[in-house]
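S.K.: build the 3D model from these lines:
(one chain, ligands or ions: 2)
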Amino acid sequence: EHDLPLDAITRKVQESLSLGKRHKFWETQPVGQFKDLGDTSLPEGPIEPPTPLSEVKQEPYNLPNPYEWITCDIDSDEMCNEVYNLLTYNYVEDDENMFRFNYSKEFLRWALRPPGYYRSWHIGVRAKSSKKLVAFITGIPARIRAHDNVVTMAEINFLCVHKRLRSKRLAPVMIKEVTRRVHLENIWQAAYTAGVVLPTPISTCQYWHRSLNPKKLIDVGFSRLGARMTMSRTIKLYKLPESTVTPGFRKMEMHDIPAVTRLLRTYLNQFVVAPDFDENDVEHWLLPKENVVDSYLVESTDNHEITDFCSFYTLPSSILGNQNHSTLKAAYSYYNVATRTPLLQLMNDALIVAKRKDYDVFNALDVMQNGSFLKELKFGPGDGKLHYYLYNYRIRQELRPVELGLVLL
Ligand SMILES: CCCCCCCCCCCCCC(=O)SCCNC(=O)CCNC(=O)[C@H](O)C(C)(C)COP(=O)(O)OP(=O)(O)OC[C@H]1O[C@@H](n2cnc3c(N)ncnc32)[C@H](O)[C@@H]1OP(=O)(O)O
Ligand SMILES: CNCCCN(C)c1ncc(F)c(N2CC(C(=O)NCc3cnc4ccccn34)C2)n1
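M.R.: Residues are numbered from 1 along each chain as shown. Ligands and ions are numbered 1, 2, ... in the order given. The predicted model follows:
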């Protein structure tokens, strides 16, 4: 083994890291390629220059004959139902196929209609004969800062092909079509996350889970009873107080938008990649919406200053094949800022609120400063990794999760 030339050893290492896999589609795209890993001579920033708008393909990509493109008007109840049902039965599952994300209709309307959204970026594929929706992909516009450059990008999400149409290379067509429609709006970069490894992650984060209803989580196989632990001991371990402990802790309201925007913009400045939120974005993404997004803040009791903020979004999962439970009620940590209250105490108040609202589990990625409270607040590491990607934008070296200030839905 030792007399192998260096490049053969490199190839073996790459293969062992599954980097040797062929990516027939992704190798054709302006994304970091595995072969370029470690080549710090490549400049940071756009990989390809914009195309003159007159040269962007004007007509949609070809689909296999039985299918046609459809622009999904998410405002229409009928279309929103079709999108909801496609995702409910065909979207992301865990590796053991025990759970499947069950984004609600009001969540989808929230996620897909931020300030400046394009209806043409809500793209469906349907069967010409049955008119059934068989695939979906979406983009929304977002201003994202990478180092000191604020770039208007598309955030791509909800890529879904019906289970019966998998492994037919439909996904690359969906991706090329959304790319084409984004290009038509003179936008040349994108951001997306996935549970799968593709060329090439700008960062890889770990999910952590804090049990709120341990008995149900164990019943449905989300978690297991710890060694030398009884159920009653486990319930006691995760018990939380009835009420929050921070003086001035309250729900965010409309009139808080300017202060929360200032607090959040200052906080997000410390990260290498983060959203460039203005007041309109804060109003859309962070004003509480029942069953969609919860936001709380700390208003100091003496001078009424807003000193801290925490938020989480609601993403239930269908539980596949359990007699007693059909839905896992999960809260996902969103954006949190602590400038006066210890982050540990602020997040414990978030757990207390989530428990009071009957969530079963509180999930958080190890991004931003989340790592500082995960273990102490009794989060356990999950098996799900989340890979972050930028399209047509190179970051010189992979980011550590603490350098990431972006949470996608
Ligand atoms: C400037 C603007 C740019 C805008 C676009 C920016 C890019 C956006 C990119 C999308 C961001 C999405 C963000 C989210 O929504 S992440 C959530 C993705 N959705 C799911 O996991 C739901 C369940 N799974 C499915 O519906 C299907 O398995 C999907 C649709 C995922 C693949 O369908 P299928 O299983 O039938 O495969 P295929 O035969 O058609 O195609 C195989 C090719 O597709 C590549 N593949 C597989 N999974 C993904 C994935 N999650 N992102 C990107 N590419 C993916 C794969 O590597 C292979 O290419 P290559 O390895 O040979 O090269
Ligand atoms: C494209 N948008 C990316 C974000 C979508 N999000 C929230 C997500 N992407 C990948 C994951 F790995 C993940 N995890 C949360 C952790 C978790 O809870 N794992 C058990 C579990 C319960 N329900 C499900 C449903 C699907 C997969 C795992 N599930 C793992 N979350």
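S.K.: around ligand 1, pick out the residues from the stretch 151-300 of the chain.
M.R.: Contacts of the stretch 151-300 of the chain with ligand 1, taken as Cβ under 6 Å from any ligand atom, map to 154, 156-161, 166-172, 175, 178-179, 182, 188-190, 192, 194, 196, 198. Using the backbone N, CA and C atoms, a C-beta is placed for each residue, glycine as well.
S.K.: what residues does the protein put near ligand 2?
M.R.: The chain has residues 92-94, 99-101, 157, 193-195, 207, 315, 317, 332, 363, 382, 384, 386, 408 near ligand 2, with proximity defined as Cβ under 6 Å from any ligand atom.
S.K.: one more pass at 8 Å, please.
M.R.: Residues of the chain found near ligand 2 (Cβ under 8 Å from any ligand atom) are 91-95, 98-101, 157-159, 192-195, 207, 209, 222, 315, 317, 328, 330, 332, 361, 363, 382-386, 408-409.
S.K.: show me these that map onto strands.
M.R.: Members of the residues of the chain next to ligand 2 lying in strands (criterion: DSSP state E): 99-101, 157-159, 192-194, 207, 209, 317, 328, 330, 332, 361, 363, 382-386.
S.K.: from the residues of the stretch 151-300 of the chain next to ligand 1, keep the buried residues only.
M.R.: 154, 156-161, 170-171, 175, 178-179, 182, 188-190, 192, 194, 198 (16 or more other Cβ atoms under 10 Å).
S.K.: the residues of the chain next to ligand 2, buried ones only, as a ChimeraX selection?
M.R.: With 16+ other Cβ under 10 Å as the criterion, this ChimeraX line picks the buried residues out of the residues of the chain next to ligand 2:
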select :91,92,93,94,98,99,100,101,157,158,159,192,193,194,207,209,222,315,317,328,330,332,361,363,382,384,386,408,409
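S.K.: would you map the helices across the chain?
M.R.: 6-16, 77-90, 105-112, 170-183, 214-219, 231-237, 257-268, 279-286, 343-356 (DSSP state H).
S.K.: weakest of those by average pLDDT?
M.R.: Per-stretch mean pLDDT for the helices of the chain is lowest at helix 6-16 (a mean of 71).
S.K.: which residues touch the residue nearest to residue 380 when sequence neighbours are not counted?
M.R.: Nearest residue to residue 380, sequence neighbours excluded (Cβ to Cβ, 6 or more residues apart in numbering): residue 209, at 5.7 Å. Residue 209 makes contact with 222, 223, 361, 362, 363, 379, 380, 382, according to Cβ atoms under 8 Å, 6 or more residues apart in numbering.
S.K.: go ahead and confirm the fifth one touches residue 331.
M.R.: Yes - with the criterion set as Cβ atoms under 8 Å, residue 363 and residue 331 qualify as a contacting pair; they are 6.9 Å apart.
S.K.: distance check, residue 234 against residue 274.
M.R.: Distance of residue 234 to residue 274, computed by Cβ to Cβ, to the nearest Å: 37 Å.
S.K.: neighbour count winner among these two?
M.R.: Per other Cβ atoms under 10 Å, whichever of residue 234 and residue 274 has more neighbours is residue 274, with 24 against 18.
S.K.: what's across from that one in the sheet?
M.R.: With DSSP bridges as the criterion, residue 274 is bridged to residue 145.
S.K.: mind checking how far it is from residue 281?
M.R.: Using Cβ to Cβ, which is the criterion applied here, residue 274 is 12 Å from residue 281.
S.K.: can you check residue 110 too?
M.R.: Distance from residue 110 to residue 281, by Cβ to Cβ: 13 Å.
S.K.: try residue 256
M.R.: Distance, residue 256 to residue 281, using Cβ to Cβ: 14 Å.
S.K.: which residue does the stretch 301-409 of the chain have closest to ligand 1?
M.R.: residue 391 (3.9 Å; Cβ to the nearest ligand atom).
S.K.: find the nearest non-adjacent residue to that residue, please.
M.R.: Among residues not flanking residue 391 along the chain, residue 190 sits closest, at 3.8 Å (Cβ to Cβ, 6+ apart).
S.K.: report the contact partners of that neighbour.
M.R.: Residue 190 neighbours (Cβ under 8 Å, 6+ apart): 139, 153, 154, 155, 156, 179, 182, 390, 391, 392.
S.K.: quick check: bridge partners of the third one?
M.R.: Applying DSSP bridges to residue 154 gives these bridge partners: residue 141, residue 190.
S.K.: so it sits right up against residue 121, yeah?
M.R.: Yes - counting by Cβ under 8 Å, residue 121 is a contact partner of residue 154 at 6.9 Å.
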